[in-house]
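Asker: Fold the following.
(chains A and B)
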2 protein chains.
Amino acid sequence: MKKVSEQIPGYTYGTPEVAKSPFSLQELEDLKTSAGFTGEDERCLRLAGEVLADQTRQIVEHWRTKIIASIPNLARHSRSPEGHSILEYLKNSNLRFEQWILDTCLRPYDQDWANYQHEIALRHTTAKKNKTDGVRSTPCVPFRDIIAFIAVMNETIKPHLAEKGHTADEVDRMHRAWCKSMQLQMALWTAPYSVACPVTETEP
Amino acid sequence: MKKVSEQIPGYTYGTPEVAKSPFSLQELEDLKTSAGFTGEDERCLRLAGEVLADQTRQIVEHWRTKIIASIPNLARHSRSPEGHSILEYLKNSNLRFEQWILDTCLRPYDQDWANYQHEIALRHTTAKKNKTDGVRSTPCVPFRDIIAFIAVMNETIKPHLAEKGHTADEVDRMHRAWCKSMQLQMALWTAPYSVACPVTETEP
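Answerer: Now for the predicted structure:
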């Protein structure tokens, strides 16, 4: 499997340390059906993976430093309670963020993938946030903020999909497949979120 | 306000019967920021509303009879426990579904809008499902299925946005604004869902 770096601290995809998704493979297939996610989308995601492979660092940097950092209610989740940056945390979670782009495009959407979705979601909730990197920060990222930010990721990924000279139609197909994957991922994230991050959570 | 029909049973937008969103206007503004939803998106949604106004019936028919009806784990939510269609329920909820397209495009995203989002979400959970129309059906629609089906709505709305001869760029802008609105709406729906429809819910 293609990796963005030899060492990615805290990246445990496919290992026994990963939480188990409460969703069965059949439920995952049902979700693909509900999202209209087909074999053609898989093909387009593989292509997107090739297109994005040498751009993951630039994309994550853009999201982190140009967008998230300028939105206080998002930025706080990677900062200390006093509002300071935590460099090691950013470095490690950015590498995982980059790898997540590749995994979205290149991994088969099987039980391992569903399990790792569950694991990543848990790492955004009170169950596991901050623990992977041993840092002090907000106890959880409200699910609503993640769902909202998906819109930004969907919008800003598109120019990167066009970087390698594919036709507008191929770029559209890759983008549609990406957007469907985001919905599938958010659908899987509903499980840990409904128990581990009360929506009535307010500013910490 | 433009309505798809003089009478829309159960459509209570802006009335005192509507539930109150737990999110403040400030939180709604924060969500818009997190989703990158701007004044330009509002303008594009207004245009989309003009473009879609005479197509809402066709769009909802397509979603209901061509897509949802053929996916058992989605279709069951508008059927009786014995699997029968409930014609009155479909008729009324389809009218509300049509009106929701217009409201998505033409309503200001203010407290009334946030409240009605909360109300619609509740009507998909154990708190209020079936009650508006007095029918027997599944107790709730799992949030994951709604998030997944958003991908289908996003994909299938696009050709309708192109129906009135706008340029590809204008269609893209309308579509981006629509997709951002879907994320905003799902973000607001996290609140009722985290309390009123356990994710561990299985087949009824």
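
Asker: Now the closest residue to residue A:107 other than its chain neighbours: which helix or strand?
Answerer: Leaving aside its chain neighbours, residue A:107 sits nearest to residue A:113 (5.2 Å; criterion: C-beta to C-beta, 6 or more residues apart in numbering or on different chains). For the C-beta atoms, the positions are set from N, CA and C on the backbone; glycine is no exception. Taking DSSP states H and E as the criterion, residue A:113 maps to helix A:111-122.

Asker: Show me the contact partners of that helix.
Answerer: With C-beta atoms under 8 Å, 6 or more residues apart in numbering or on different chains as the test, helix A:111-122 has contacts from A:12-14, A:18-23, A:25, A:28, A:100, A:103, A:107, A:128, A:185, A:188-189, A:191-193, A:196.

Asker: And the residue nearest to residue A:107, what's its pLDDT?
Answerer: Per-residue pLDDT puts residue A:113 at 98.

Asker: And the helix holding residue A:113, what's buried?
Answerer: Within helix A:111-122, the residues scored as buried using 16 or more other C-beta atoms under 10 Å in any protein chain shown are A:112-122.

Asker: what about dumping the CA coordinates of that helix to PDB?
Answerer: Taking C-alpha atoms only, helix A:111-122 is exported to PDB below (Å, rounded to 0.1, in the frame of the first residue of the first chain):
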ATOM      1  CA  GLN A 111     -14.000  -4.500   6.800                       C
ATOM      2  CA  ASP A 112     -10.500  -3.100   7.500                       C
ATOM      3  CA  TRP A 113     -11.500   0.200   5.900                       C
ATOM      4  CA  ALA A 114     -14.800   0.300   7.900                       C
ATOM      5  CA  ASN A 115     -12.800  -0.500  11.100                       C
ATOM      6  CA  TYR A 116     -10.300   2.300  10.400                       C
ATOM      7  CA  GLN A 117     -13.100   4.700   9.700                       C
ATOM      8  CA  HIS A 118     -14.500   3.800  13.200                       C
ATOM      9  CA  GLU A 119     -11.000   4.300  14.700                       C
ATOM     10  CA  ILE A 120     -10.500   7.700  13.100                       C
ATOM     11  CA  ALA A 121     -14.000   8.800  14.200                       C
ATOM     12  CA  LEU A 122     -13.300   7.700  17.800                       C
END
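
Asker: Tell me where chain A has helices.
Answerer: Remark: helices assigned in chain A by DSSP state H are A:25-35, A:39-52, A:56-61, A:72-75, A:87-106, A:111-122, A:143-161, A:168-196.

Asker: Let's have those helices in CSV, adding distance to residue A:4.
Answerer: Below are those laid out as CSV (distance: least, C-beta to C-beta, whole Å):
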stretch, distance to residue A:4
helix A:25-35, 25
helix A:39-52, 10
helix A:56-61, 5
helix A:72-75, 22
helix A:87-106, 4
helix A:111-122, 15
helix A:143-161, 15
helix A:168-196, 17
